[in-house]
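One predicted model, sequence on top.
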Amino acid sequence: MKNLVILFLILIASAQIPTTAAVTLVAPLKKDSATSLYTITLNSGDRYAVDLSAPFSWRVCPTRRRPTAVPCFSTECIQATYLLSPTCSLPISPPPPPETTPCTACTVTPINPRTKSCASAQLTTQTLTLSSTNPTAKITLNKTYLSCAPKPLLQSLPKGVVGLASLSLAPLSLPSQLSANLALSRSFAICLPSTNSANGVVFFGDGPYKLLPPTNFDAADLLSYTPMLRNPKTADYFIGIKSLSVNGNSVFTMSPFEGIKISTFVPYTTLRRDVYKLFRKSFLNSMRNIPRTKSVKPFDTCFNASAIGFSRVGLHVPQIDLEFGNGKNWTIYGANSMKQVGGDSACLAFLDGGKMAEYSIVIGSFQMEDNLVLFDIDRSRLGFSSSLYFERMTCNGFNFTSKV
């Protein structure tokens, strides 16, 4: 019965009717070269690590002016605690019955996905500011739910961040809260930059996604789609593939309902060992005439880059395809499959996740760089462009000072 009550409250919150005019919001994304993680800038200067899995966002809160705590028995408290991470050993005890002991602050456990560490903290309401694309203006939300967190929880995250921004499926993720407070669909598109010298961009809402303003080209026209899969035990994004292929040859088939995960905290696509061995063997066979070079951690398959040749979409290597049941392919070209590691060496940017890996495939952030990827939660679908280099575009061309 308790689980039914929780589900009912979550569905109520998800069905809130927005009351303001439709807009598309944007925020800068920046690559951190030291960690290979990405940050989003909110409130005109606060940087948060971007996570596609967390049940809620968190930050180190100011000590002089503490934000307002969320009550224990509120809908938002239940939404923040119904997904407990197996990596956090801190127990979350249910609040005492209201008729015995008053409870005024909701206790949650913010988690650092990189170190797997967590802490006990309070869920709060705070002010959040983002930019609108049309017209160009700042939009402020005065009641955004996120957790406070102790400063040590920032360990191993990009230098200068104040916390972590959740872009997951959860009811208290940033896309869900923007949808509940504004006339926005629950969707967002990320364009991860491949360099730390310029910003990428995240769009919240249905677009348009004009990566090169003031031109009128909408990058949404480049997208193909595949259905999302849901795992009720997590807030992660999953898609189902029927096959993984190299150079047009299938190397691994799977049920389209098994699900492969998408992550911004996994730098390079990681395959379960049995899958990786088949994949690597097929790639090596297609590259048999290219001289090998010494492996460079974390990679184990490296080549002489000058012997490969170059194309508009990176090194001229066999294309890798995620093949979906609806006939669409997410094609990965050299720019997203090969990592230049210095000198004249380039390595296959896929990793062996070990034989006990939880998922057969986890798509990492390197494979999403300079691709437009749309997470359309309301329609339960993922949109993907493949490399923007084909269109002579990258993810670092968005002008944050221009009206779109």
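Good, I have the coordinates. Numbering: from 1, shown residues only.

Tell me the pLDDT of the most centrally placed residue in the chain.
In the chain, the C-alpha nearest the mean C-alpha coordinate belongs to residue 52, at 3.7 Å (CA atoms, centre = their mean). Looking at residue 52, its pLDDT is 97.

Hmm, residue 167 and it touching each other?
Yes. If you go by CB atoms under 8 Å, residue 52 and residue 167 touch, sitting 5.5 Å apart. For the C-beta atoms, the positions are set from N, CA and C on the backbone; glycine is no exception.

any residues in contact with both of the two?
Residues within reach of residue 52 and of residue 167 at once, by CB atoms under 8 Å, 6 or more residues apart in numbering, are residue 375.

which element follows the lowest-mean-pLDDT helix or strand in the chain toward the C-terminus?
Within the chain, no helix or strand scores below helix 2-14, which has a mean of 38 by mean pLDDT, DSSP states H and E. Counting by DSSP states H and E, the element after helix 2-14 in chain order, helix or strand, is strand 25-32.

starting at the chain centroid, how far to that following strand?
Remark: strand 25-32 is offset 12 Å from the chain centroid, using CA atoms, centre = their mean, to the nearest Å.

so what strands line up beside it?
With DSSP bridges as the test, strand 25-32 is paired with strand 37-42 (antiparallel), strand 121-133 (antiparallel), strand 200-204 (antiparallel).

where does the stretch 151-300 of the chain have low pLDDT?
213-215 (pLDDT under 70).

Which parts of it are strands?
Residue ranges of the strands in the stretch 151-300 of the chain, as given by DSSP state E, counting those that start in this stretch, are 163-166, 187-191, 200-204, 224-229, 237-239, 243-246, 249-253, 260-262, 269-271, 292-293.

all helices for this structure, in order.
Secondary structure of the chain by DSSP state H: the helices cover 2-14, 75-81, 174-181, 273-286, 334-337.

Tabulate those helices (a markdown table), appending mean neighbour count.
Below are the helices of the chain laid out as a markdown table (neighbours: other CB atoms under 10 Å):
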| stretch | mean neighbour count |
| --- | --- |
| helix 2-14 | 12 |
| helix 75-81 | 21 |
| helix 174-181 | 23 |
| helix 273-286 | 17 |
| helix 334-337 | 24 |
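
roughly how far apart are residue 281 and residue 176?
42 Å (CB to CB, to the nearest Å).

Contacts only, for residue 211.
With CB under 8 Å, 6+ apart, residue 211 has these contacts: 191, 201, 217, 219, 372, 388, 393, 395, 397-398.

most surrounded residue in those residues?
Within the contacts of residue 211, neighbour counts (other CB atoms under 10 Å) peak at residue 191, which reaches 27 neighbours.

Relative to the whole chain's centre, how far out is stretch 353-363?
That offset, for stretch 353-363, works out to 18 Å (CA atoms, centre = their mean).

What's the mean pLDDT across that stretch?
For stretch 353-363, the mean confidence score works out to 96.

Name the residues of that stretch that are buried.
Along stretch 353-363, these residues count as buried under the neighbour rule (16 or more other CB atoms under 10 Å): 353, 357, 359-363.

Just the C-alphas of it, formatted as CSV.
This file holds the C-alpha atoms of stretch 353-363, laid out as CSV (Å, rounded to 0.1, in the frame of the first residue of the first chain):
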residue,chain,number,x,y,z
GLY,A,353,34.2,-3.2,-18.4
GLY,A,354,35.0,-6.6,-17.0
LYS,A,355,33.1,-9.8,-17.0
MET,A,356,30.9,-8.7,-14.0
ALA,A,357,29.7,-5.4,-15.6
GLU,A,358,26.2,-4.5,-14.6
TYR,A,359,25.2,-3.6,-18.2
SER,A,360,26.4,-5.1,-21.5
ILE,A,361,27.0,-1.6,-22.9
VAL,A,362,27.2,1.9,-21.3
ILE,A,363,27.4,4.7,-23.8
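
Please enumerate residues in contact with that stretch?
Here stretch 353-363 makes contact (CB under 8 Å, 6+ apart) with 241, 244, 252, 254, 258-263, 266, 269-276, 322.

again with stretch 30-45
Residues outside stretch 30-45 that contact it (CB under 8 Å, 6+ apart) are 27-29, 47-50, 114, 127-130, 138, 156-159, 161, 165, 192-196, 199-200, 202, 264-265, 267, 365-366, 369.

Only the buried subset of the residues you listed, as a PyMOL command please.
Here is the PyMOL command that selects only those of the contacts of stretch 30-45 that count as buried (16+ other CB under 10 Å):
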select buried, resi 27+28+29+47+48+49+50+114+128+129+130+157+158+161+165+192+193+194+199+200+202+264+265+267+365+366+369
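
In space, what's closest to residue 328 - neighbours in sequence excluded?
Nearest residue to residue 328, sequence neighbours excluded (CB to CB, 6 or more residues apart in numbering): residue 224, at 4.4 Å.

separation between the one you found and residue 163?
Distance, residue 224 to residue 163, using CB to CB: 34 Å.

okay, those two: which has more neighbours?
Neighbours per residue, other CB under 10 Å: of residue 224 and residue 163, the larger number sits with residue 163, 23 against 16.

Cross-check the contact I'm expecting between the more buried one and residue 50.
No. In this structure, residue 163 is not within contact of residue 50 by CB under 8 Å, at 11.1 Å.

who are the neighbours in contact with residue 48?
Residue 48 touches 39-42, 57, 59, 161-165, counting by CB under 8 Å, 6+ apart.

What spatial separation is found between the residue nearest to it when sequence neighbours are not counted and residue 179?
Ranked by CB to CB, 6+ apart and with sequence neighbours excluded, the top spatial neighbour of residue 48 is residue 165, at 3.8 Å. According to CB to CB, residue 165 and residue 179 sit 15 Å apart.
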